[in-house]
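A.B. asks: Sequence first, then the predicted structure, then my questions.
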Amino acid sequence: MIPTEFDTDMLVLAIWGVIFLIFIVNLFRSIRLVPTKSAYIVERLGKYHSTLDAGFHALIPFADKVAYIHDLKEETIDVPPQECFSSDEVNVEVDGVIYLSVVDPVKASYGVTDYRYAAIQLAQTTTRSVIGTLELDRTFEERDLISAKVVEVLDQAGASWGIRVHRYEIKNITPPETVKNAMEMQVNAERERRALLAKSEGDKQSKINRSEGVKQEMINLSEGEMQRRINEAEGKAQEILALAQATAESIEKLAAVISAPGGRNALRMQLGEQYLSKLNKLGKAGSRVVVPANLVDFQQWMSAIGLQEDKTTN
């Protein structure tokens, strides 16, 4: 069938329509609105031209194109689990997470094919090499050392990749089941040892406290007894002193009375009265009493007890 003139015109119109549609599409695609914390890498005729920051940008249709789009915010990348051997030949499974951000979009686009994949691979190899220098027990204690070493290596490589590694964290270190069981038994044994040690220390301290209490009690009792005796002795001394002072005062008063006129005769009469009263009591009690031969001679009694009549007063 031979195409007619109408068919030819329709074909030409369709071609122009497609061309116009392609032009409109590229015109709209040349207008770019870049979000905050994002960077667009623009190539002109296949060569790097510029980096678009946040805001409105217009490109040349057909000549410019956005080759790479980078998110400048900090992102988290999971490091898949991998098998590592410690220095004592124990196989452990280690995984982690990387926190990084793009600081140079141009290097991140052209310095490495895929900076995320490269960072994961470098983190895994560095982790294997660091764990290979540690014993199994130290791998659980030296997480900070492993993380710091991985961050140091990634930072050195990231300088040419246009990225900055902020930190690397190990999520899990999983040993084999046999090693895990042995470690649990070791932990239980260590816990029991600490419990026994704590109990023995408690018993020791309890005995020390009891002995110190008994010692302090004995000291207190002895000090109390000593103080009681001291107090009794001081009381007796005060009593003796008081009696001596009273006796001395009574003697002084008696001497003063005797020295007074008629004092000696009064004393002789009082002593005689007391003497006769004492004889009366002894006689009533049935006691044997020895009396002077002459009971009537009162002067003889007084002489017997050492008191003579005062010649000066008679």
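C.D. replies: It's in.
A.B. asks: what's the distance between the nearest residue to P176 once chain neighbours are set aside and R138?
C.D. replies: Using C-beta to C-beta, 6 or more residues apart in numbering and skipping the chain neighbours, the partner closest in space to P176 is N91 (6.2 Å). Heads up, the C-betas are built off the backbone N, CA and C, glycines and all. Separation of N91 from R138 (C-beta to C-beta, to the nearest Å): 16 Å.
A.B. asks: Could you list the low-pLDDT ranges of the stretch 101-250 of the chain?
C.D. replies: 183 (pLDDT under 70).
A.B. asks: residue ranges for the helices of it, please.
C.D. replies: 105-110, 115-131, 136-141, 143-161, 177-259 (DSSP state H, counting those that start in this stretch).
A.B. asks: List the buried residues of the second one.
C.D. replies: For helix 115-131, a neighbour-count test (16 or more other C-beta atoms under 10 Å) marks 115, 118-120, 122-124, 126-127, 130-131 as buried.
A.B. asks: what's near enough to touch the closest residue to R167 other than its chain neighbours?
C.D. replies: If the residues on either side of it in the chain are set aside, R167 comes closest to Y99, at 5.0 Å by C-beta to C-beta, 6+ apart. The contact partners of Y99, taken as C-beta atoms under 8 Å, 6 or more residues apart in numbering, are 74-77, 165-169.
A.B. asks: Same check on V130?
C.D. replies: Neighbours of V130 in contact, by C-beta under 8 Å, 6+ apart: 145-146, 149-150.
A.B. asks: List only buried entries from these.
C.D. replies: So, by 16+ other C-beta under 10 Å, the buried ones in the contacts of V130 are 146, 149-150.
A.B. asks: which one of the residues you listed sits closest to V66?
C.D. replies: V150 (32.9 Å; C-beta to C-beta).
A.B. asks: any idea how far M218 is from T36?
C.D. replies: 83 Å.
A.B. asks: I misspoke; the intended subject was D53.
C.D. replies: Distance, D53 to M218, by C-beta to C-beta: 88 Å.
A.B. asks: now swap in C84 and tell me
C.D. replies: From C84 to M218 the distance is 66 Å (C-beta to C-beta).
A.B. asks: And L100, by the same measure?
C.D. replies: L100 is 74 Å from M218, by C-beta to C-beta.
A.B. asks: Neighbour count for the two, which is higher?
C.D. replies: Between L100 and M218, counting by other C-beta atoms under 10 Å, L100 is the more crowded of the two (24 against 10).
A.B. asks: Show me what counts as buried in the helix or strand hosting that one.
C.D. replies: Element membership of L100 [criterion: DSSP states H and E] is strand 91-102. Residues of strand 91-102 classed as buried: 92, 94-96, 98, 100-102 (neighbour count, 16+ other C-beta under 10 Å).
A.B. asks: out of those residues, which one sits closest to S222?
C.D. replies: Using C-beta to C-beta, the buried residues of strand 91-102 come closest to S222 at V92, 67.2 Å.
A.B. asks: residues in contact with that closest one?
C.D. replies: By C-beta under 8 Å, 6+ apart, the neighbours of V92 are 83-86, 131, 136, 139, 173-176.
A.B. asks: Redo the buried residues of helix 115-131 as a markdown table? Include distance to D64.
C.D. replies: Shown next, in a markdown table, are the buried residues of helix 115-131 (distance: C-beta to C-beta, whole Å):
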| residue | distance to D64 |
| --- | --- |
| Y115 | 24 |
| A118 | 28 |
| A119 | 30 |
| I120 | 32 |
| L122 | 34 |
| A123 | 36 |
| Q124 | 38 |
| T126 | 39 |
| T127 | 42 |
| V130 | 45 |
| I131 | 48 |
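A.B. asks: Looking at the residues you listed, which is nearest Q205?
C.D. replies: Closest to Q205, out of all of those and judged by C-beta to C-beta, is I131, at 43.2 Å.
A.B. asks: Which secondary structure state does the closest residue to that closest one other than its chain neighbours sit in?
C.D. replies: Of all residues not flanking I131 in the chain, C84 sits nearest, at 4.4 Å (C-beta to C-beta, 6+ apart). Taken by DSSP: H, G, I helix; E, B strand; the rest coil, the conformation at C84 corresponds to strand.
A.B. asks: same question, the one 5 residues further on
C.D. replies: Taken by three-state DSSP, the conformation at E89 corresponds to coil.
A.B. asks: Show the pLDDT at it.
C.D. replies: We have a pLDDT of 82 for E89.
A.B. asks: T313 now?
C.D. replies: Reported pLDDT for T313: 41.
A.B. asks: same thing with G272?
C.D. replies: For G272, the pLDDT comes out at 69.
A.B. asks: quick thing: my sequence starts at 227, can you match it?
C.D. replies: With the count now opening at 227, the last piece we talked about shows up as G498.
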